[in-house]
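predicted coordinates and the sequence they were generated for:
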Amino acid sequence: MRRISLLSAAAVLAVTALSASTPAKADPFHLIRWMDTGFCQIWDEGVPTAPWPANFEIVSTTVPSFLDALDIKGSMLAAGACSF
């Protein structure tokens, strides 16, 4: 039983060391607007699929962070280009 505990502790340490040594990858974001409702949504380009249903349009440039996309969404909401 003691060997299993030591083995699991070593595995946890190895995974922790590996995750700490790899740099975080920031996926770019952009804003999409659903054509039927006008609702704007922040879309993460790191998601391997496309939004569904396909009745959307991309309404912003690609930005590096979620907070940048949130700023764009706020300004489009204030201008009336997006609904909620």
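Yep, it's here.

now the strands: where do they sit in this structure?
29-34, 40-44, 56-58 (DSSP state E).

rebuild those as TSV, extending it with distance to residue 72 and mean pLDDT.
Any C-beta I mention is one placed from the backbone N, CA and C, and that applies to glycine too. Converted to TSV, the strands of the chain look like this (distance: least, CB to CB, whole Å; pLDDT from 0 to 100):
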stretch	distance to residue 72	mean pLDDT
strand 29-34	5	96
strand 40-44	9	96
strand 56-58	12	95
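
deepest-packed of the ones you listed, please.
By mean neighbour count, with neighbours taken as mean count of other CB atoms under 10 Å, strand 29-34 ranks first of the strands of the chain at a mean of 19.

got the contact list for that strand?
Residues outside strand 29-34 that contact it (CB atoms under 8 Å, 6 or more residues apart in numbering): 39-45, 51, 55-66, 68-69, 72-73, 76, 81-82.

quick check on those residues: which are buried?
Buried members of the contacts of strand 29-34, counted by 16 or more other CB atoms under 10 Å: 40, 42-43, 56, 60, 63, 68-69, 72-73, 76, 82.

name whatever forms a beta bridge with residue 41.
When assigned by DSSP bridges, residue 41 has beta-bridge partners residue 32.

that one: what's it in contact with?
Residues near residue 41 by CB under 8 Å, 6+ apart: 31-34, 51.

go again using 10 Å as the cut-off
Residues near residue 41 by CB atoms under 10 Å, 6 or more residues apart in numbering: 30-34, 51, 56, 69, 73, 82.

now swap in residue 37 and tell me
Residues in contact with residue 37 (CB under 10 Å, 6+ apart) are 55, 82-84.

pipe the residues you listed into CSV and attach pLDDT per row.
Listed next are the contacts of residue 37 as CSV, based on pLDDT from 0 to 100:
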residue, pLDDT
55, 94
82, 93
83, 88
84, 75
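
how about low-confidence regions in this protein?
Scanning the chain for pLDDT under 70 picks out the ranges 1-26.

so where do the helices sit in it?
With helices called from DSSP state H, the chain shows them at 2-21, 66-79.

of the buried ones among the contacts of strand 29-34, which pair is most distant in space?
Greatest spatial distance among the buried ones among the contacts of strand 29-34 (CB to CB): 56 and 68, at 19.6 Å.
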